[in-house]
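# I would like the atomic coordinates for the input below:
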Amino acid sequence: MASNTPTHEQQLREKLRKIYALFEGATTLGEKNAAMAAIERLKTSLAALPKSDPMVEMQFKLPDRWQRRLFMALCRRYGLEPYRYKGQRFTSVTVKAPRLFVKETLWPEYLQLSEALDEYLNEATEKIIREELFRGASEMSKWV
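Model (predicted):
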């Protein structure tokens, strides 16, 4: 018999969706459509920003692949193209964007999503270790 209680993974996924929706302000289908339109307006206004807030090249050090993938996906979502110069470390991501946009929009959104992703990955890892390696929480607590 299936339980209707959400699993921890489902709860974390829902939390990620809520954080994403918070930035877009979307909780209903109509709001989601409006949010998509807002993203398009944001991309348009980003293109116009160089006149008031010129595009600057910024380099970010993101130590693990999950953080890099998340940051690069957010950049692309906003129409920015992340890149690396030849010889740059794999942990570096460079992007040209208006400084104010990065400071007020891109970076705060990245930080919140990164925190939620980190929590999700940590919980998934602990679950796998607990269920597959130790088969019991009491054994796990001695080692982890």
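# all contacts plus neighbour counts: C-alpha atoms, from now on.
OK.
# tell me the mean pLDDT over stretch 62-70?
Averaging pLDDT along stretch 62-70 yields 91.
# what's that stretch in contact with?
91, 92, 93, 110, 114 (CA atoms under 8 Å, 6 or more residues apart in numbering).
# ChimeraX command for the buried members of those residues?
A single ChimeraX command is used to select the members of these judged buried by 16 or more other CA atoms under 10 Å:
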select :92,93,110,114
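# for the contacts of stretch 62-70, give me a markdown table that also has secondary structure and distance to residue 134.
Putting these into a markdown table (DSSP: H, G, I helix; E, B strand; the rest coil; distance: CA to CA, whole Å) gives the following:
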| residue | secondary structure | distance to residue 134 |
| --- | --- | --- |
| 91 | coil | 33 |
| 92 | strand | 37 |
| 93 | strand | 38 |
| 110 | helix | 34 |
| 114 | helix | 28 |
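# save the contacts of stretch 62-70 as JSON lines, and put in distance to residue 55 and pLDDT too.
Converted to JSON lines, the contacts of stretch 62-70 look like this (distance: CA to CA, whole Å; pLDDT from 0 to 100):
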{"residue": "91", "distance to residue 55": "22", "pLDDT": "87"}
{"residue": "92", "distance to residue 55": "19", "pLDDT": "92"}
{"residue": "93", "distance to residue 55": "16", "pLDDT": "94"}
{"residue": "110", "distance to residue 55": "19", "pLDDT": "93"}
{"residue": "114", "distance to residue 55": "24", "pLDDT": "91"}
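# want to throw the contacts of stretch 62-70 into CSV with distance to residue 53?
Putting these into CSV (distance: CA to CA, whole Å) gives the following:
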residue, distance to residue 53
91, 27
92, 24
93, 21
110, 21
114, 26
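# so which residues of this protein form helices?
Using DSSP state H, the helices of the chain run over 8-24, 29-48, 65-77, 99-101, 107-128, 137-143.
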